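Visitor: sequence unavailable; structure follows:
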Ligand SMILES: Cc1ncc(C[n+]2csc(CCOP(=O)(O)OP(=O)(O)O)c2C)c(N)n1
Ligand SMILES: [Mg+2]
């Protein structure tokens, strides 16, 4: 066990998997010589050379399509998007080609790629650089979607994603890159996709969340425990598709109240799908309507103090949790 | 690259045996008859959706695919039946795919525009204009990464050349020295839009110069010429990892798809003139006659056999079962299809 940052955990997963499997290649803009726009791949070029750590031009449709094509022959590219926001210029490659090629070939082809990079607001980079597309991605059968919140999850999930034979979208968070946590050193430390994690046990309310909102939810739960004496359970989904709904439903059966906290625009978000499934499968367990905290529904605002309020934050979660506990 | 450093390619045709020449003709005829038979099936309401026929362009796919070695790969757009037959796919599952049957090459899940056969290095069959070209570059990347001597032929139409993804792909292939041959089947129209109404600049293949890439143009009605030109490009790719652009002048006889009444953007005279003077089958029949390789009798036999093969394919398709609603969610995830090797947990499907 080592205490390392989320960034170092992603790097460790990359390094170990590149070492383990000669078919794994990291490609993306500035990943090699520049050490990564967010320094995730720092030192990897030196360690593995330019065959394995590949700088691409600014050509998302080109290099992601290239990675998808190469994966059909058995190469296992891990492709870094400098920001997940830029997925829109590679949309056709990701969501027509990678998502559909297995189906359209009647199962003859599979596409073992990982696309990774940060997907978050909160750094005052405005509407073009703050997308959280996990709902859009998960809307496409054939695609898997993972959003780690802690350093350990970041490592264990990325290693599983790279070994997965389906296309996996792995969404990081620039604000989490510096967060430290205990991470197993074991080279076979894997966290399966589709397994949620109860990050805090509780009895009065279930918060279902993922990504950076896990941290807000844990802080809000601590505050409410101290100030109100109420006990909140925090379920971290970790993986959006496949989805561990069973862990969510087990928690609902215990607390009978649900608050969803997500850095998502509300319309057709991940939480929308969750609420549908919870009411469909556990209607009788609910003592109150499901509530949620989302990003306030507008493009990402630049203004730094206001962006904090547009996104879920500890204060907003505390208010919503108190309301949910009373409802 | 100057012309005199290119490999000498005349022997690629001179070295063909009589049997191999006849085989080229047979492939072209099999495509033509398959397409005609599928058109009849479409008119008989056996086939849904779109049907983009390859009639008139047969010498391009046949010439190109006849050059393929173990590590050469092909990918193309939705006008994909000719290439499928030319790489060696059986026509029965091809026809069954058009009928939407479970015996189709994609189990009825792909349809006319989405034929695939990895066992013959055939990677589709893609419905988004230009969207397949980055994948074609990726196939070249894979060949090179794995240390194999081979090339990828990425086919597209003249309309696709204005898509951004195509230019991104050309830049990458040239930048990274990838063994990719961009083959442009210029049939002069993208749907109802003629080349002059869609494409700026002096020509299409010439755009390769902007990427420092070798380029060639040739006529697509002459299967020998197609082979000779592509052999050059493939040799450059296989030997030196150099990509190129090859623009092949060709023509489609039928509408863009069978839904196109073909009355608004070109004249009947134009179509008739090409059919009369440049039909790839008639031209090659004459060549082989002049060479003393193929008698009229043999030609008729080949034609009859191709018609019969197309009928057998249609009968096979007709007699085959449809997939069932239970099949809808197969072939989505590798993991779901291989449950004994599944490592993830949780729900993969939401209905
Ligand atoms: C991105 C995209 N835009 C538009 C279409 C509709 N469409 C299908 S084929 C086609 C014409 C393409 O012409 P060309 O590339 O010359 O190929 P050809 O049909 O002549 O073989 C169009 C507009 C499409 N399938 N994909
Ligand atoms: Mg065209």
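Guide: The structure has been received and is ready for your questions. Remember, predicted model here, so these are calculated numbers, not experimental data. Ligands and ions are numbered 1, 2, ... in the order given.

Visitor: chain B contacts on the stretch 101-250 of chain A?
Guide: Those residues of the stretch 101-250 of chain A that sit near chain B, judged by CB under 8 Å from any CB of the partner chain, are A:101-110, A:112, A:141-142, A:144, A:160, A:163-166, A:190, A:192-196, A:239, A:241-246. C-beta coordinates here come from the backbone N, C-alpha and C atoms, glycine included.

Visitor: of those residues, keep whichever come out buried.
Guide: In terms of neighbour count (16 or more other CB atoms under 10 Å in any protein chain shown), the buried residues within these are A:101-110, A:112, A:141-142, A:144, A:160, A:163-166, A:190, A:192-196, A:239, A:241-245.

Visitor: where does pLDDT dip in the stretch 251-351 of chain B?
Guide: Residues of the stretch 251-351 of chain B that meet the criterion pLDDT under 70 are absent altogether.

Visitor: quick check: the residue of it nearest ligand 2.
Guide: With CB to the ion as the measure, residue B:252 is the residue of the stretch 251-351 of chain B nearest to ligand 2, at 7.3 Å.

Visitor: how about low-confidence regions in chain B?
Guide: Applying pLDDT under 70 to chain B flags residues B:1-9.

Visitor: which SS class is residue B:248?
Guide: strand (DSSP: H, G, I helix; E, B strand; the rest coil).

Visitor: quick one, what contacts it?
Guide: The contact partners of residue B:248, taken as CB atoms under 8 Å, 6 or more residues apart in numbering or on different chains, are B:60, B:183-186, B:217-220, B:226, B:229.

Visitor: so which of those residues wins on neighbours?
Guide: Of all the contacts of residue B:248, residue B:60 has the most neighbours under the rule other CB atoms under 10 Å in any protein chain shown, reaching 32 neighbours.

Visitor: give me the phi and psi angles of that one.
Guide: Listed backbone geometry of residue B:60 is phi -70, psi -60, with angles given as degrees, to the nearest 10.

Visitor: I figured it hits residue B:220, correct?
Guide: Yes - Residue B:60 is in contact with residue B:220 according to CB atoms under 8 Å; the separation is 4.6 Å.

Visitor: which neighbours do those two have in common?
Guide: With the criterion set as CB under 8 Å, 6+ apart, the overlap between the contacts of residue B:60 and residue B:220 is B:185, B:226, B:248, B:250.

Visitor: among these, which pair sits farthest apart?
Guide: Using CB to CB, the shared contacts of residue B:60 and residue B:220 span at most 10.2 Å, a distance reached by B:185 and B:226.

Visitor: could you tell me which residues touch both of these two?
Guide: Contacts common to residue B:185 and residue B:226, judged by CB under 8 Å, 6+ apart, are B:60, B:220, B:248.

Visitor: any idea what residue A:27 is bridged to?
Guide: Here residue A:27 shows beta-bridge partners residue A:54, residue A:79, assigned using DSSP bridges.

Visitor: might you report the residue contacts of it?
Guide: Contacts of residue A:27 by CB under 8 Å, 6+ apart are A:53-56, A:63, A:67, A:77-80.

Visitor: in JSON lines, list those along with distance to residue B:130.
Guide: Formatted as JSON lines, these follow (distance: CB to CB, whole Å):
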{"residue": "A:53", "distance to residue B:130": "29"}
{"residue": "A:54", "distance to residue B:130": "23"}
{"residue": "A:55", "distance to residue B:130": "24"}
{"residue": "A:56", "distance to residue B:130": "19"}
{"residue": "A:63", "distance to residue B:130": "16"}
{"residue": "A:67", "distance to residue B:130": "17"}
{"residue": "A:77", "distance to residue B:130": "21"}
{"residue": "A:78", "distance to residue B:130": "25"}
{"residue": "A:79", "distance to residue B:130": "20"}
{"residue": "A:80", "distance to residue B:130": "24"}
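
Visitor: so which of these is the most crowded?
Guide: Counting neighbours by other CB under 10 Å, the top entry in the contacts of residue A:27 is residue A:67, with 33 neighbours.

Visitor: ok, that residue to residue A:287 distance?
Guide: When distances are taken as CB to CB, to the nearest Å, residue A:67 and residue A:287 turn out to be 48 Å apart.

Visitor: near ligand 2, which residues of the stretch 101-250 of chain B? Just list them.
Guide: B:157-158, B:187, B:190 (CB under 5 Å from the ion).

Visitor: Throw together a PyMOL command that grabs the buried residues out of these.
Guide: Below is the selection syntax for PyMOL that covers the buried ones among these, with 16+ other CB under 10 Å defining burial:
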select buried, chain B and resi 157+158+187+190
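
Visitor: of the residues of the stretch 101-250 of chain B next to ligand 2, closest to ligand 1?
Guide: Among those, residue B:157 lies closest to ligand 1 (CB to the nearest ligand atom), at 2.1 Å.

Visitor: list the contacts for the closest one?
Guide: Applying CB under 8 Å, 6+ apart as the definition, the contact partners of residue B:157 turn out to be B:77, B:79, B:129, B:184-187, B:190.

Visitor: cool, and residue A:268?
Guide: A:135, A:139.

Visitor: tell me, how many residues neighbour residue 46?
Guide: No chain in the question, so chain A it is. As a burial measure, residue A:46 scores 10 neighbours (other CB under 10 Å).

Visitor: that answer is for a different chain, and I need it for chain B
Guide: Residues lying near residue B:46 (other CB under 10 Å) number 16.
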